[in-house]
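> Here is my input, please return the structure:
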Amino acid sequence: MGIPESKHACCVGRKSAPAEEVEIMDEFGYKHVVIRGVVYPGFVRGEAVADCQSNLVLRSDDIIIATYPKCGTTWMQQIVMTLLHGGDVSKVQDPMFQAPWIESITSMSLGAAEGTNGAVMNVDELMAWDGATAGGPKPGRRAFKTHAPVELVPWKGGLGILGGPKVIVVVRNPKDACVSMYHHTKDLPGFAYTGDFGHFTSSLFLRGRVEFGCFWAWYAGWLTAFRASGRAIHLVSYEELKADPKREIRQIADFLGITASDEVVAKTAAGSAFDSMKEIFKKTDEEKEKAGSPVKKNHIRSGQKGGWRNVIQGPLLAEFDEVHARKCAELGLTYNFEF
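Presented below is the predicted three-dimensional model:
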């Protein structure tokens with residue numbers, strides 16, 4: 001059963017709730033669950049989200065990477081973890097483990113069948129975690145990721161607690177995000193999606209019927225939070241990071257209060273280049289396959305800027321531009337997405 005267009009750890013002693021029913025969008029599949037009106041991947045549990053919001057207390061020096069899916073999440077995880085390790089990329093062997101997805105690992109603790117990229121921890125275990133993983137030693141500070149819209153951030157106190165913990169939000173052109181999300185959806189069996197790119201764009205992405213809802217509503221919420229946050233949220237443009245990685249990495253280090261020499265910045269830029277990351281993931285994936293662990297193919301696909309021009313054309317381009325203009329007007333979204 002589909003949903004209308006979107007506007008946007010089980011611990012001892014806590015009552016367990018039944019998992020949400022996995023739904024299918026339409027005849028082409030796209031398995032998902034709906035949590036408080038927002039589409040999530042089918043393995044995420046509403047109970048885990050609620051538990052995080054009620055009980056997960058962040059530390060004052062924690063770092064959160066908040067992104068709409070396929071907008072530079074893993075890239076930013078790699079950058080942040082490399083900075084925390086002083087530019088030593090050898091200590092960042094699996095950034096998805098080392099800066100884990102909060103809602104995923106806590107859902108796994110409830111017995112969700114698939115989808116984890118990181119250790120399985122309930123909320124109490126996550127609060128006690130020191131940051132060390134099989135992918136690298138503890139870096140002194142912890143980093144996490146979330147794809148949540150602002151109203152569903154997975155920690156106690158919501159945005160009201162920011163000022164100690166730091167949040168990095170990465171913004172990407174929605175057309176490139178759409179192309180990347182299509183390939184991501186096709187590569188993950190859990191979505192069971194059989195549609196083509198035209199269907200995905202017109203019927204799912206442009207209508208907010210994809211994981212984490214409407215692209216434009218998601219960014220409208222986070223951009224509003226950014227403007228009100230003072231120095232608690234840092235905004236990074238995917239396109240500007242591609243154009244001048246050293247400059248943007250320097251700004252990220254300054255925001256996080258990390259003392260980074262020019263050498264550390266240069267090593268971080270080199271270690272987070274896409275060719276370097278592909279090599280890291282190739283090695284890590286081979287080790288996971290040998291151990292019998294699940295591997296998500298093509299996770300580091302291309303990372304290009306402007307690749308949408310090869311596939312979003314003609315009537316589909318006109319439809320995309322119309323939706324973009326309408327959503328920006330409706331939501332008061334003035335950010336330049338670099339079309």
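
> use CA for all of it now, contacts and neighbours both
Fine.

> How is Ala66 assigned, secondary-structure-wise?
Put simply, Ala66 is strand when judged by DSSP: H, G, I helix; E, B strand; the rest coil.

> Can you give me every residue that contacts it?
By C-alpha atoms under 8 Å, 6 or more residues apart in numbering, the contact set of Ala66 is Thr73, Lys145, Thr146, His147, Ala148, Val167, Ile168, Val169, Val170.

> how about the residue lying closest to Val171 once chain neighbours are set aside, phi and psi?
In this structure, Val171 finds its nearest non-sequential neighbour in Ser237, 5.0 Å apart by C-alpha to C-alpha, 6 or more residues apart in numbering. Per-residue torsions, Ser237: phi -90, psi 120 (degrees, to the nearest 10).

> Walking through the stretch 201-339 of the chain, point out its helices one by one.
Per DSSP state H, counting those that start in this stretch, the stretch 201-339 of the chain carries helices over the ranges 215-228, 238-243, 245-256, 262-271, 274-290, 314-331.

> of all the ones you listed, which lies closest to Arg141?
Nearest to Arg141, of all the helices of the stretch 201-339 of the chain, is helix 245-256, at 10.4 Å by C-alpha to C-alpha.

> and the closest one, how far out from the chain's middle?
Centroid separation between helix 245-256 and its chain, computed with C-alpha atoms, centre = their mean, to the nearest Å, is 19 Å.

> can you list the residues that contact that helix?
With contact meaning C-alpha under 8 Å, 6+ apart, helix 245-256 is reached by 63, 79, 83, 166, 231, 234, 236, 240-241, 259-260, 265-266, 268-269.

> and the angle for that helix with helix 262-271?
120 degrees (axes from the mean of the first three to the mean of the last three C-alpha atoms, to 10 degrees).

> Just the mean pLDDT for helix 245-256, thanks.
Per-residue pLDDT over helix 245-256 has a mean of 98.

> do stretch 263-275 as well
Stretch 263-275 shows a mean pLDDT of 95 in the predicted model.

> For it, which residues meet the burial criterion?
When neighbours are counted by 16 or more other C-alpha atoms under 10 Å, the buried residues of stretch 263-275 are found to be Val264, Val265, Ala266, Lys267, Thr268, Ala269, Ala270, Gly271, Ser272, Ala273, Phe274.

> Outside of that stretch itself, list whatever touches it.
75, 78-79, 82-83, 86-89, 245-246, 249-250, 276-277, 300, 302-303.

> where exactly do the strands run in the protein?
Taking DSSP state E, the strands of the chain run over residues 23-26, 29-35, 38-40, 63-67, 143-146, 166-171, 233-237.

> So which residues make contact with stretch 174-192?
29-32, 41-42, 69-71, 114, 193-194, 197, 200-201, 205, 215, 296-299, 305-308, 312, 337.

> How many residues are close by the nearest residue to Gln78 once chain neighbours are set aside?
Nearest residue to Gln78, sequence neighbours excluded (C-alpha to C-alpha, 6+ apart): Pro95, at 5.4 Å. The number of residues packed near Pro95 is 29, by other C-alpha atoms under 10 Å.

> How about Phe226?
Neighbours of Phe226 using other C-alpha under 10 Å come to 18.

> do you know how far Glu125 is from Ser109?
Computed as C-alpha to C-alpha, to the nearest Å, the Glu125 to Ser109 distance reads 10 Å.

> circling back: out of the contacts of helix 245-256, which one has the lowest pLDDT?
Arg231 (87).

> Sounds good, over and out.
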